[in-house]
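Colleague: Pasting a predicted model and its sequence here:
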Amino acid sequence: MIRVNVLPRTIRDACVTSFLLVMVPLTYWFELFVVFPVFFKPWGLLYIIHIGLSLFLLFNIISNFFAIVFTDTSIRGRMISTKLDPEWRFCYSCESVAPPRSWHCSACDTCILKRDHHCMFTSCCIGHFNHRYFFMFIFYIFISLAYCLVYNTLYFWNLVEFRSWMTIVKLLFPLATLFIDNSLTQLSLFLYLLLTLSTILCGVLLYYHGDLMLKGKVNHERKSKDSKYNQGRKRNVTTVLGERWHLVWISPFIESKLPGDGINWTVTENHKTQ
């Protein structure tokens, strides 16, 4: 199912999503036309190879982003039982019965199937049907940031001249210094600091969500020692990435059928007896 209303519902979501949509193409432009020409002959073989690699990364970031945004993972329009089975509950906001692992999101104003969290970068919730795209989204953002960080570190090491205390100030407070020194060098320092912090943050997010996926959990279940939905690592990965999990890294357009419907969940044997 496709989401119809994809616009941000809150000011916070609008600001964060807009920031992402500006920074991704800006970073891409900066790397291709400012950083790479320092290391590779423009339009030489190595330059073209790096352009191709960069386009592949950019394609997966953008396409996974839109796949997240346009995939409807809510309970709206789905055939859901009207009786309260065990683990089911009634959502008074939606005025509907909600299946296990679904939670109501005040920002999206609906219950989300296997809700993980509300993502400000995409202005929507991450749930059963777009979880795959979200994981690959942060995976490719991390790969891209780490890729950029390597070349930017070498670039700035040669760019910055450590001649005075002012250089240290520029390095520590690049954004503040940008107001008095709006040169390309200072803008580059600001982008480098932002790039470094973003790489660390994205690496932490990738590890966190990868660990949850392997354990068969979502964000709401992170504090439980053992998830009742833990089917083993391979099955847990398949639940998120689909039956063709080994191919989803190529493109979000690769079809990978999910084993479940996000409504009915199999509980492990040791939890059935409890």
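Modeller: Thanks, I have it.

Colleague: Can you report how many residues lie near the nearest residue to Thr153 once chain neighbours are set aside?
Modeller: In space, and not counting its chain neighbours, Thr153 is closest to Tyr192: 7.9 Å by Cβ to Cβ, 6 or more residues apart in numbering. Every C-beta, even on glycine, is put in place using the N, C-alpha and C of the backbone. Using other Cβ atoms under 10 Å, Tyr192 has 21 other residues around it.

Colleague: Likewise for Ala107?
Modeller: Neighbours of Ala107 (other Cβ under 10 Å): 15.

Colleague: Now do the same for it: its pLDDT.
Modeller: Note on Ala107: pLDDT of 93.

Colleague: is it true that His118 lies in a strand?
Modeller: Yes - checked against DSSP: H, G, I helix; E, B strand; the rest coil, His118 lies within a strand.

Colleague: That one reaches Cys105, doesn't it?
Modeller: Yes - His118 is within contact range of Cys105, at 5.4 Å (criterion: Cβ atoms under 8 Å).

Colleague: Which neighbours do these two have in common?
Modeller: Residues touching both His118 and Cys105 (Cβ atoms under 8 Å, 6 or more residues apart in numbering) are Cys125.

Colleague: In this protein, what residue spans correspond to strands?
Modeller: Ranges of strands within the chain are 89-91, 96-98, 103-105, 110-112, 117-119, 124-126, based on DSSP state E.

Colleague: circling back to that earlier point, how close does the residue nearest to Thr153 get to Leu159?
Modeller: 9 Å (Cβ to Cβ, to the nearest Å).

Colleague: and if you look at Ile80?
Modeller: 58 Å.

Colleague: same question, Ile68
Modeller: 36 Å.

Colleague: now swap in Leu46 and tell me
Modeller: In terms of Cβ to Cβ, Leu46 sits 20 Å off from Leu159.

Colleague: what about the two, which has more around it?
Modeller: A count of neighbours by other Cβ under 10 Å puts Leu159 above the other of Leu46 and Leu159, at 15 against 11.

Colleague: what bits of this structure have low per-residue confidence?
Modeller: For the chain, residues meeting the criterion pLDDT under 70 lie at 84, 160-186, 269-274.

Colleague: Now do the same contact list for Leu113.
Modeller: 73-75, 78, 99, 101-102, 127-129, 262-263.
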